[in-house]
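Visitor: only geometry, no sequence info:
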């Protein structure tokens, strides 16, 4: 593991940091996950890092990454993925959590906290990580993924991840907490005191084999002016044979100064299809879009139907 702390005045700058398990072989177990913790306690000092990774070696879990600054945070890529080992019978490897706290935060590269796929009969997928980037200032991110690993037929999905973002004005790339095979979708929550522009958001449940369809994760967007939202896909997953489909998401979008969603963009929160032969359709989700105080409201296509 790696821990760096600055307790005096000034900025803290790091190069590439990696803290990963070794690669397991055959039926061997992954090692204990490494962690990265970088803290700048200087009142006006910024924190800047190069690429950070705690992704596991083959068969290993990813470890947590924590960045804390009393001022700004600037980072590139962050990777806490669990890593698959396609040998023997084993559940998927788990992702580590990612926590970033500062005033103004800018992350230029991809953020990944994904569980890995399982191997063997009826094995669970790896757990997704929890991604939290909070602070009172501006926020800019590229893509953020926190997805479960794929289970094998009859295996349970991994624990769901989530994405939580706060700030003043925020420009955010594509977000996904969608479940993969047999996995549910995780929640996405964004709150800004100023404007918000966000790319596509996916929180759908994954298609199921041997179990019922999995539910989509809920989405809550709150801002004082929403300038753009990409396509939102937040539907339940298809059920395994004869089993019910998953439930669609609850999507809540609220602004106090206008909402601009392009006419070509869609928000979908439907139930998943039932499994073959006799599976029941999944319950529909719901979509709520509210603008208060000032500004215009424009939306594209909305779909929330049963499976």
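Guide: Now that the structure is in, tell me what you want to look at. Keep in mind the model is a prediction, meaning the values are calculated, not measured.
Visitor: those strands in the stretch 201-307 of the chain, which residues are they?
Guide: Taking DSSP state E, counting those that start in this stretch as the criterion, the stretch 201-307 of the chain contains strands spanning 201-202, 219-223, 226-229, 232-233, 250-260, 266-268, 286-298, 301-303.
Visitor: Give me the contact list for the fifth one.
Guide: It stands for strand 250-260. Strand 250-260 is contacted from outside by 195-196, 218-229, 232, 234, 267, 269, 285-299, using CB atoms under 8 Å, 6 or more residues apart in numbering. Backbone N, C-alpha and C define where each C-beta goes, glycine included.
Visitor: Can you flag the buried ones in the residues you listed?
Guide: Buried members of these, counted by 16 or more other CB atoms under 10 Å: 195-196, 218-229, 232, 234, 267, 269, 285, 287, 289, 291, 299.
Visitor: Relative to residue 93, which of the strands of the stretch 201-307 of the chain is closest?
Guide: The closest of these to residue 93 is strand 201-202. By CB to CB, the value is 21.9 Å.
Visitor: How far does that closest one sit from its chain's centre?
Guide: The chain centre lies 9 Å from the centre of strand 201-202; the measure is CA atoms, centre = their mean, to the nearest Å.
Visitor: That one - contacts with which helices or strands?
Guide: strand 175-176, strand 232-233 (3 or more CB pairs under 8 Å, 6 or more residues apart in numbering; DSSP states H and E).
Visitor: need these in JSON lines with distance to residue 118 and mean pLDDT, can you?
Guide: Converted to JSON lines, the helices and strands packed on strand 201-202 look like this (distance: least, CB to CB, whole Å; pLDDT from 0 to 100):
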{"stretch": "strand 175-176", "distance to residue 118": "20", "mean pLDDT": "98"}
{"stretch": "strand 232-233", "distance to residue 118": "24", "mean pLDDT": "98"}
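Visitor: still on that earlier bit, mind giving me TSV with the strands of the stretch 201-307 of the chain and columns for distance to residue 86?
Guide: Listed next are the strands of the stretch 201-307 of the chain as TSV, based on distance: least, CB to CB, whole Å:
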stretch	distance to residue 86
strand 201-202	25
strand 219-223	33
strand 226-229	38
strand 232-233	29
strand 250-260	36
strand 266-268	33
strand 286-298	39
strand 301-303	37
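Visitor: Mind checking those for the one nearest to residue 185?
Guide: Closest among those, using CB to CB: strand 201-202, at 7.6 Å.
Visitor: Starting from that closest one, tell me which strands it pairs with and how they run.
Guide: strand 175-176 (parallel), strand 232-233 (parallel) (DSSP bridges).
Visitor: which residues are contacting it?
Guide: 174-178, 185, 188, 219, 229-234.
Visitor: Over to stretch 290-301?
Guide: 225, 253-267, 289.
Visitor: Can you tell me which of those are buried?
Guide: Those of the contacts of stretch 290-301 that meet the buried threshold are 225, 253-261, 266-267, 289, by 16+ other CB under 10 Å.
Visitor: Nearest residue to the middle of this protein?
Guide: Most central in the chain under CA atoms, centre = their mean is residue 146, positioned 3.1 Å from the mean C-alpha point.
Visitor: Quick check: pLDDT value at it.
Guide: Residue 146 carries a pLDDT value of 98.
Visitor: what about this protein, any weak spots by pLDDT?
Guide: Within the chain, no stretch falls below the threshold (pLDDT under 70).
Visitor: ok, now how distant is residue 149 from residue 120?
Guide: Counting by CB to CB, to the nearest Å, the gap from residue 149 to residue 120 is 13 Å.
Visitor: Looking at those two, which has the bigger crowd around it?
Guide: Counted by other CB atoms under 10 Å, residue 149 and residue 120 do not tie: residue 149 has more neighbours, with 31 against 13.
Visitor: I'd like to know how far that one sits from residue 69.
Guide: Here residue 149 is placed at a distance of 31 Å from residue 69 (CB to CB).
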